[in-house]
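[1] mind looking at a prediction? Sequence and model below.
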Amino acid sequence: MGKYDVSNTERQIMEYLWDRNTTVQTGELLSEFNSRGKNWKAQTLNTLLIRLAEMGLIQRQRGKVTPAYSRQEYNRRVATDILERSYQGKLKNFIAALTGGSQIDDALYAELKEMIEGK
């Protein structure tokens, strides 16, 4: 399991926080997800928020919740974690796995080269 693996429900909470792009009251979170049919008690939400805080994904203070990272930064960290765990931290190993060890076509080669050169 990766450092940033979250459950579907935890991911929904993070998506809501990222979409709001501001500090959110826990009461607002509880109301929002109950309106989506979750029927959570405050303790259920608290347990989920504790897990997210332990992973370092949110900051909590006096009933307020803020994402610790933007959605883009989170995705970058997840990708880096996968690369480290599964491909010895080497992008070439990932690309080899992605292509099944076969040759990459000219279009993909050009796209990768452009990315590497920072264009």
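    Yep, it's here.
[2] break this structure into its domains for me.
    If you go by automatic domain parsing, the domain ranges for the chain are 8-69, 72-116.
[3] packing partners for the helix or strand bottoming out on mean pLDDT in the chain?
    Ranked by mean pLDDT, DSSP states H and E, the weakest helix or strand in the chain is helix 91-98, scoring a mean of 81. Packed against helix 91-98 by the contact rule (3 or more C-beta pairs under 8 Å, 6 or more residues apart in numbering; DSSP states H and E) you find helix 71-87. All C-beta atoms are positioned from the backbone trio N, CA, C, and that covers glycine.
[4] redo that, cut-off 10 Å
    Counting contacts by 3 or more C-beta pairs under 10 Å, 6 or more residues apart in numbering; DSSP states H and E, helix 91-98 packs against helix 71-87, helix 106-116.
[5] can you pull the contacts of the residue lying farthest from the centre of the chain?
    Distance from the C-alpha centroid of the chain peaks at Asp106, with 31.5 Å (C-alpha atoms, centre = their mean). Applying C-beta atoms under 10 Å, 6 or more residues apart in numbering to Asp106 gives no contacts.
[6] quick check: pLDDT value at it.
    We have a pLDDT of 85 for Asp106.
[7] I'd like the numbering to begin with 205 instead of 1 from here.
    Sure, I'll start numbering at 205, so the last one becomes Asp310.
[8] any idea how far it is from Val282?
    Separation of Asp310 from Val282 (C-beta to C-beta, to the nearest Å) stands at 30 Å.
[9] what of Asn212?
    Distance, Asn212 to Val282, by C-beta to C-beta: 15 Å.
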